[in-house]
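Peer 1: What follows is a predicted structure for the sequence shown.
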Amino acid sequence: MNKKVVVAVAGVTGLALSAWLGSSFLAGQRAETSLQALKAAPKTQGGGLRLANLTHERGLLSSKGQAELVFEPGCSAEPGADKAISVRVDYTMSHLVMPTSATRFDWKAAPLGATADEFKAIFGSASPLAGTGSVALDGALRTEMALPEVNYQRSGEAFQIAPSKGFLTVNGQALAFGWKVDRVVTRGHGEAMELKDVALDMELKNRHLGTGWMRLGAEQVSLGMGTLEGLSVRSDASESGDRLNVTVTPAVRRVKASGVELTDLAMEIALKGMDTRSVETLSKLFEDSCGMKSLTAEEARKAREAAIRLVARGLSVGIPKISGKSADGSISGQFMVELAESKDGKPSIARQLKSNGQIEVTGKLITAEQREMAIKMGFAVAKGAGLMSGFEYQNGLLKVNERSQDASAFLAGLQSADQKLEELIASLGQAPTEMARAPAKAPAEAPAPAPAEAPAQAPAEAPAVTLVNAPAQAPAVAPAAAPAQAPAAAPAVAVACSALPGCVQQVLAAGRARNIDEVRKLAGLIDSLPKPDQGNRAVSRQLNTAGIEALKREDAAEAVAKLGQALKENPRDVEIAGNLGFALVKAGEPVKAIEVLQAALVLDPRRSSTWTPLAEAYALAGRADDARSALWVSFQWSGNRDKSLAFYQDRATRETRAPLQALYQHMSTVALQQMALPN
């Protein structure tokens, strides 16, 4: 061979070897730098894993050392669970670069302090965990791990875990983990459970945000009451634009218990549409502030803003799917709760919430007696030989098995939930003692008290509250008239109600649908409902006059007191009921006004002078959609639409409260459009 060729080959080989050894030396240097950086990382209030007491000895192509891994629970941990756990790790590294890895290492871990005694009792050794691993050329760290058998018994309790093994991979923000064990047995308190072929797998794209998937499964589970085969629970978290979605999917291939066998059981639990930025902010603040227990003023502001944004932007939660079958039949269903995005950016469960659910049972999964009882009680309706039950709630209208129901109690619960939500958000940043001392706030629907001014020059037939001997600025009587035809064909609204709250909700739904035919039918139903007994007319009218005089003096509190007494004396007087509702609106008590004015509808459901202040009360209570619907209904019963329109336009110009200004601006446009149409 030519000497020049030999020299060239030797030179190239030498350069390659030098580069190889040089890169191996750099790999060792990089490994040491990474360890030192972990050691120097600052502590956080949220706890976590940190490196301490590092002793590292680096050679040319290998290194060894010892470090202490400290698992700190953080300041949010409960008392008794707030002690750090320390583990000593001994390791050796080979930095000779290979085609698939830059570094390979062996390690073993031994707990320190009191934890070491507990490990000895369980594993028989204080150094049960060991493994091997590597660092890939792209920086990804992977280690294999193994645990010996666990066999533990104490005070009538025992558990046994067969030898197990797993792996851990970390690459930037990504993390993957897997663990497998052949058999797990637990016994105690008269119960026993055996699991076979258990596996835990995890693959996170962003371990800080938690996006990715996790799965826990067992091929067989034996319990005292029966067995399960093919048990699996999977969790998925993903980002879609600026929203975060989480689903949990439990499934069982076969269940045998109490003489019943079911197959292909599946369920999906979903939490979707969460505002990602809000979740990140709250998670970070929770970690930094000892579980929201110790917030600075600035942190409290950020927490409140994030909580408000999270709810106001909307989300959904529920069970989109549940299913299962047997030789005798099947079961399927779903249940969802959705918070629509708030149009004004202010969270309100009562305004945002809509929900629906359904469950269907076929075949002989239930007995004939059970089926008959469910049908008689109204819980379900027959579907072939099986049953079906469903409900739907939206915009204050509740339907169960396609039949409208009284939703007043449900609405009251939503309003209470809004109050608790407001109190919870307001409490962020308060110390526990401050929270205990803080007075309960008014419901979220009730704004700060502010007098509701009547129009300065109400027209003679303005669709507002009737006041006998009313002051000049108070609205006057609006004679009822048959509503005109709706401007266009409207979708049908189910007319079937037996109680006033449900009927009112259906009228509001018909108003939103611009369905005048349904409004007429519902007015007839409300008119046929039982009415209170006639009371003492003479006394009630005297008190009514006193209440009106108080309104003239701008003494809303006195007016409410006098008119409340008047209505007690004669609950059959629709004028007094309307006057009391008007006074409550003026006194800044819209929720109470809604109660009074809705009750007044049973006395005369076609009275504009009741529907108009009811619309204002809805608006001030944060129920903008209901307010618009009620005012539209009021306009349909108006005896003089030209004067009603002038009234709306005047209020839209003069009103200073945003909810009422928006209400009358909207109705001015709607009334103009309707009046422009041919009869």
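Peer 2: Perfect, thanks for sending it.
Peer 1: Just the buried residues of stretch 667-679, please?
Peer 2: 667-668, 670-671, 674 (16 or more other CB atoms under 10 Å). Any C-beta I mention is one placed from the backbone N, CA and C, and that applies to glycine too.
Peer 1: Off-centre distance for it?
Peer 2: 40 Å (CA atoms, centre = their mean, to the nearest Å).
Peer 1: just stretch 195-209 next, same as before
Peer 2: The answer for stretch 195-209 is 25 Å, by CA atoms, centre = their mean.
Peer 1: ok, which stretches of the stretch 201-350 of the chain are helices?
Peer 2: With DSSP state H, counting those that start in this stretch as the criterion, the stretch 201-350 of the chain has helices at 276-288, 297-312, 349-352.
Peer 1: Out of those, which is closest to T367?
Peer 2: Of all the helices of the stretch 201-350 of the chain, helix 349-352 sits nearest to T367, with 38.7 Å by CB to CB.
Peer 1: Just the CA coordinates for the closest one, please, in PDB.
Peer 2: Only the C-alpha atoms of helix 349-352 are listed here, as PDB (Å, rounded to 0.1, in the frame of the first residue of the first chain):
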ATOM      1  CA  ILE A 349     -73.400  30.400  36.900                       C
ATOM      2  CA  ALA A 350     -77.000  31.300  36.800                       C
ATOM      3  CA  ARG A 351     -76.600  33.100  33.400                       C
ATOM      4  CA  GLN A 352     -74.000  30.900  31.900                       C
END
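Peer 1: From the contact counts, what lies against the very next helix or strand once past that helix?
Peer 2: Next along the chain after helix 349-352, taking DSSP states H and E as the criterion, comes strand 353-363. Where contact means 3 or more CB pairs under 8 Å, 6 or more residues apart in numbering; DSSP states H and E, strand 353-363 is packed against strand 315-326, strand 329-339, strand 386-394.
Peer 1: Give me the contact list for strand 353-363.
Peer 2: 318, 322, 326, 328-340, 383-395, 414 (CB atoms under 8 Å, 6 or more residues apart in numbering).
Peer 1: Among these, the buried ones, what's the ChimeraX command?
Peer 2: Selection of the buried residues among the contacts of strand 353-363 in ChimeraX, burial being defined by 16+ other CB under 10 Å:
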select :318,322,326,329,330,331,332,333,334,335,336,337,338,339,386,387,388,389,390,391,392,393,395,414
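Peer 1: For the buried residues of stretch 667-679, which two are the farthest from each other?
Peer 2: S668 and Q674 (11.1 Å).
Peer 1: ok, for N536, nearest residue in space, not its chain neighbours?
Peer 2: Closest residue in space to N536, ignoring its immediate chain neighbours: E569 at 4.8 Å, by CB to CB, 6 or more residues apart in numbering.
Peer 1: For the one you found, give me phi and psi.
Peer 2: According to degrees, to the nearest 10, the main-chain angles of E569 amount to phi -70, psi -40.
Peer 1: about what we covered before: helices - which of the buried residues of stretch 667-679 land there?
Peer 2: Judged by DSSP state H, those include 667-668, 670-671, 674 as members of helices.
Peer 1: Okay, now the unreliable bits of the stretch 51-200 of the chain?
Peer 2: For the stretch 51-200 of the chain, applying pLDDT under 70 flags the ranges 74, 76-82, 114-128.
Peer 1: thought V221 was touching A192?
Peer 2: No: counting by CB atoms under 8 Å, V221 sits too far from A192 to count as a contact (11.3 Å).
Peer 1: Counting neighbours, go ahead and name the busier of the two.
Peer 2: V221 (19 against 13; other CB atoms under 10 Å).
Peer 1: show me what contacts the more buried one?
Peer 2: V221 neighbours (CB under 8 Å, 6+ apart): 193-196, 227-229, 231.
Peer 1: Return the distance of it relative to V246.
Peer 2: As judged by CB to CB, to the nearest Å, V221 and V246 stand 25 Å apart.
Peer 1: returning to that earlier point: where's the dip in pLDDT among the buried residues of stretch 667-679?
Peer 2: pLDDT across those is lowest for Q674, at 87.
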